[in-house]
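> one predicted model, sequence on top.
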Amino acid sequence: MNVNDSEKMRHILENKGFVYGTEEKDADIIIINSCAVREKPQDKIFSYAGRMSREKIIIVAGCVAQSEKEKILKRNPNIDYIVGTHQYYYIDEIVEEIVSRRRSGVKAGFTRKWQESVPDIASRTSLVSGYISIMEGCNNFCSYCIVPFTRGREKHRPFDKIMEEARYLKSKGYKEIILLGQNVNNWEDLEKNMKFPALLDEMANEIDVKWIRFITSYPGYYDDDLIRIMATHPKIARNIHFPAQSGSTRILKKMNRIYSRSQYLDIIKKFKKNVPGISFSSDFIVGYPGETDYDFKLTLSLLEQVEYENIFSFIYSPRKHTKAFKMDDNIKMEVKKDRLYKVQELQESIQLKNNRACIGHTLEVLVTGRNPRKKDEMIGRTESYRVVNFPSKTPVGDFTFVKIDHVGPHSLRGSEVIP
Ligand code: SF4
């Protein structure tokens, strides 16, 4: 989502004649688009901005800008403007204003108004995956999460606007569309009386791309229709990011997640039964306040039961404003680190086992880039989002087939099969 927001800012500024820089040292204006989900990246912003030359115009945008205005103002005299999560639609006016009042003090701007903004092709980072923001914000208030405070309550983009952007991306040659939002499966268009599965259905019927993906789905908003639509349309990639966060119902309750372990597993079971070949990825937090050894074992056993394709795992990071911030963060750091290590070690062994099962098989791959370490090799992604390396001259953005002969826990390797 941050990448997509950056593309929108780039688009707005390029329309005003600014040129996107590839080298930081050559840039006159630096926009730091920040994420506040964890503490460490947030702290990096302060040191990064502090290192910048005072000759440059420095703007901090995004979630940290929204939630840490006072801290930024206090610690960084270098910064010219703090741009809240929805204020970036005015980035051109902000830059003009800074230029005209150069060095007369820091200013900040915040709004909750969401606007239509579709970055054109020149402003997009990926020429392979076309990102479409369909909703933003969150009403769930999971106890540990800062997103509802930084992005505000849910706002859903109208169906017609989403389809318009999808048609635009298709016309520009994108082979894959990725629908974005904090809770994509809670999207709805009230005027049209449409829910998320209907959006997927319409898009898969009309837009002629190879794969449609969506991220992130909240397990609490699960809907049988989603399974039905995914089972119907081969264009909807059979891969879902479905963050469990913990395998313990007791911890899920403390996290204010509205599903239990058994409900989560029931949904996974239904998907596996009705959508053959479907794979899952997830996020996990370890060391959440009050997490016992037994709770943690339940997380490990969830990993074993679901056999995720991939996970993102983190040590609990207390975030100001959230409910969990006031909880007793009672788990020693060495225990948290050990749990993180164990989760990652188990997941690696699951991935290795799953990847080994691909040896000898030919997989369809979307070529996403050149291997920076091996000039004659390309990198691609399978439908289930596995990384594949293979010697090839097939251009980025094309589909090809690769016969897998070597695997590791994080990627596959093989030779291209030209039909
Ligand atoms: S669902 Fe929970 S974790 Fe996800 S953005 Fe909303 S509050 Fe945060």
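Sure thing, it's come through.
> apart from its neighbours in sequence, what residue is nearest residue 150?
Excluding the flanking residues, the one nearest residue 150 by CB to CB, 6 or more residues apart in numbering is residue 63, at 3.8 Å. To be clear about C-beta, it is placed using only N, CA and C from the backbone, and glycine gets the same treatment.
> mind checking how far stretch 57-77 is from the chain centre?
22 Å (CA atoms, centre = their mean, to the nearest Å).
> related to what we said a few turns ago, contacts only, for the residue nearest to residue 150.
Residue 63 makes contact with 34-37, 85, 146-147, 150-151 under the criterion CB atoms under 8 Å, 6 or more residues apart in numbering.
> could you pull out the helices for the chain?
Assigned by DSSP state H, the chain shows helices spanning 2-15, 39-51, 63-67, 69-75, 91-100, 147-150, 159-171, 196-206, 224-232, 249-254, 261-274, 293-306, 333-356.
> how about low-confidence regions in this structure?
For the chain, the stretches with pLDDT under 70 are 101-114, 419.
> return the residues of it in contact with the ligand.
Counting by CB under 6 Å from any ligand atom, the chain comes close to the ligand at 138, 140-142, 145, 147-148, 182-183, 218.
> make a markdown table from those residues and add neighbour count to it.
Shown next, in a markdown table, are the residues of the chain next to the ligand (neighbours: other CB atoms under 10 Å):
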| residue | neighbour count |
| --- | --- |
| 138 | 21 |
| 140 | 18 |
| 141 | 13 |
| 142 | 22 |
| 145 | 23 |
| 147 | 23 |
| 148 | 18 |
| 182 | 20 |
| 183 | 21 |
| 218 | 20 |
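> test my guess that residue 191 contacts residue 158.
Yes: when contacts are counted by CB atoms under 8 Å, residue 191 is listed as touching residue 158 (7.3 Å).
> neighbour count winner among the two?
Shown here are residue 191 and residue 158; by other CB atoms under 10 Å, residue 158 has more neighbours (15 against 9).
> residues in contact with that one?
Contacts here follow CB under 8 Å, 6+ apart; on that basis residue 158 touches 189, 191-192.
> tell me which of those fall in strands.
residue 189 (DSSP state E).
> show me the domain layout of this structure.
Here the domain assignment for the chain is 2-109, 121-356, 362-416, based on automatic domain parsing.
> let's have the ones you listed in JSON lines, adding distance to residue 115.
Formatted as JSON lines, these follow (distance: least, CB to CB, whole Å):
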{"stretch": "domain 2-109", "distance to residue 115": "5"}
{"stretch": "domain 121-356", "distance to residue 115": "10"}
{"stretch": "domain 362-416", "distance to residue 115": "30"}
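> ok so, going back, closest to the ligand out of the contacts of residue 158?
Proximity of the contacts of residue 158 to the ligand (CB to the nearest ligand atom) peaks at residue 189, which lies at 20.3 Å.
> that closest one contacts residue 159, doesn't it?
Yes: if you go by CB under 8 Å, residue 189 and residue 159 touch, sitting 4.2 Å apart.
> any common contacting residues for those two?
Common contacts of residue 189 and residue 159 (CB under 8 Å, 6+ apart): residue 199.
> could you dump stretch 119-132 to CSV, C-alpha only?
Provided in CSV are the C-alpha atoms of stretch 119-132 (Å, rounded to 0.1, in the frame of the first residue of the first chain):
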residue,chain,number,x,y,z
PRO,A,119,-1.1,6.8,-11.1
ASP,A,120,-0.4,6.6,-14.9
ILE,A,121,2.0,4.0,-16.3
ALA,A,122,5.0,6.2,-16.1
SER,A,123,4.7,6.6,-12.3
ARG,A,124,4.3,2.9,-11.5
THR,A,125,7.1,1.0,-10.0
SER,A,126,6.1,-2.4,-11.4
LEU,A,127,5.5,-3.0,-15.1
VAL,A,128,4.4,-6.5,-14.3
SER,A,129,1.9,-6.3,-11.4
GLY,A,130,-0.7,-3.5,-11.5
TYR,A,131,-1.7,-2.5,-8.0
ILE,A,132,-5.2,-1.1,-7.4
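> which parts of that stretch are buried?
Within stretch 119-132, the residues that count as buried by 16 or more other CB atoms under 10 Å are 119, 123-124, 126, 128-132.
> so how far is that stretch from its chain's centroid?
Counting by CA atoms, centre = their mean, stretch 119-132 is centred 15 Å from the centre of its parent chain.
> who are the contact partners of the closest residue to residue 389 other than its chain neighbours?
Of all residues not flanking residue 389 in the chain, residue 413 sits nearest, at 4.9 Å (CB to CB, 6+ apart). Shown in contact with residue 413 (CB under 8 Å, 6+ apart): 388-390, 404-407.
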